[in-house]
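*Asks:* below are the sequence and a predicted model; questions follow.
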Amino acid sequence: MKKIILLSVLVLSKLVSAQYPVWTNSFNSTSDMQGWSFHDLNGNGNGWIQGPNIYFNGTSLAYGPSGSLRYSISNVPSGFVPGFATEDDWAISPAIDLTASGGTITLAAYIGRQQTSHTVVSRYLYIYESTAQKPVPELSDFQALAVDANGNQLGSPYFISAGGSNPFPADLNQYVESLVDLSAFAGKKIYIGLWSNRLTDDDTNVQNININEMAIFTSVLNTQDVKKVKNSTSIMQNPVAASLMLKLNPGLKENAVTVTIFNMAGQSVLTSQYKREINVAGLSSGNYMAVVSDGILSEKVKFIKK
């Protein structure tokens, strides 16, 4: 079962402030990967992939029950992939719009290891800021962030990490929360690059990894900026009886939109592909928040269930 990190009003374990989701990805299916790009630079057919988590079941490597963004240098059921010693692979996120976000901005990730011998699993987050001169980055832009002029790996001040002082559970199918402060990117549009390589002896990006979920939260929603968006998603009828009817922002790609509904305890209570009428008859009366996302743009709308 997925960890619940997509909270409408969230108190994270290491934060004591209201947090609102501005970007989420559960990596449940290939449709969640819309806008992501993947690069297998050593051409061995191995790299970042969306799929079930990988774990060692006591005999061999096996597929687990959770959808994840994963990286593995081992084949299932066993054995190293060919050419893993020269791995040089990238996963690059779609645009993440923080232009209407301020205050404390936090990235939350749930990280799993694949074998008990992996005591620490980490990944640098190489973050590209979109600019008017170059709004959309290329792979070369992330490569430039990751190495110096001599090809030596450069770390990033932003990274997700589990193990060590952030201990793993004994069950390899469970995950550890890692929080990253991205407040420096308030008001920006960013892209995140994840790198796996064997270029140096720095193992920050080498270890196998399962990422169960990633999300970004903000403590401040810039309401002035939100009001400037004339065609934002809205509720057609509120309070809601049996069906939630949304008027989508035209900027959303309708055929890719997923609607996730959260109660005020921050629990995900319903997830549906977008359709004109979403059946919410089974929900209890009360206040809810719907997070509407096409994998690139995310919006939030509150409603009352009768």
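*Replies:* Right, received. Where do you want to start?

*Asks:* number of residues surrounding the closest residue to residue 182 other than its chain neighbours?
*Replies:* Leaving out its chain neighbours, the residue that sits closest to residue 182 by Cβ to Cβ, 6 or more residues apart in numbering is residue 105, at 4.5 Å. All C-beta atoms are positioned from the backbone trio N, CA, C, and that covers glycine. Neighbour count for residue 105, taken as other Cβ atoms under 10 Å: 23.

*Asks:* which residues sit in contact with residue 105?
*Replies:* 22, 98, 181-183, 185-186, 216-219 (Cβ atoms under 8 Å, 6 or more residues apart in numbering).

*Asks:* return the subset of those lying in strands.
*Replies:* 22, 181, 216-219 (DSSP state E).

*Asks:* of all the residues you listed, which comes closest to residue 32?
*Replies:* Nearest to residue 32 among the ones in strands among the contacts of residue 105: residue 216, at 15.0 Å, using Cβ to Cβ.

*Asks:* from residue 117, how far off is the nearest residue to that closest one once chain neighbours are set aside?
*Replies:* Among residues not flanking residue 216 along the chain, residue 23 sits closest, at 4.4 Å (Cβ to Cβ, 6+ apart). Shown here: residue 23 relative to residue 117, a distance of 33 Å by Cβ to Cβ, to the nearest Å.

*Asks:* that older thread, out of the contacts of residue 105, which are buried?
*Replies:* Neighbour counting by 16 or more other Cβ atoms under 10 Å classes 22, 98, 182, 185-186, 216-219 among those as buried.

*Asks:* so among the residues you listed, where is pLDDT lowest?
*Replies:* The lowest pLDDT within the buried ones among the contacts of residue 105 belongs to residue 219, with 79.

*Asks:* could you give the number of residues near the closest residue to that one other than its chain neighbours?
*Replies:* The spatial neighbour of residue 219 that comes closest, neighbours along the chain excluded (Cβ to Cβ, 6+ apart), is residue 103 at 3.7 Å. Counted with other Cβ under 10 Å, the neighbours of residue 103 add up to 16.

*Asks:* use 10 as the first number for this chain going forward.
*Replies:* OK, 10 is where the count begins now, so the last one is residue 112.

*Asks:* residue 56 contacts residue 80, correct?
*Replies:* Yes - assessed by Cβ atoms under 8 Å, residue 56 is found in contact with residue 80 at 7.3 Å.

*Asks:* between those two, who's got more neighbours?
*Replies:* Shown here are residue 56 and residue 80; by other Cβ under 10 Å, residue 80 has more neighbours (26 against 20).

*Asks:* ok, now which ones touch that one?
*Replies:* So residue 80 contacts 56-58, 98, 100, 203, 205, 217-218 (Cβ under 8 Å, 6+ apart).

*Asks:* beta partners of it?
*Replies:* Under DSSP bridges, the beta-bridge partners of residue 80 are residue 218.
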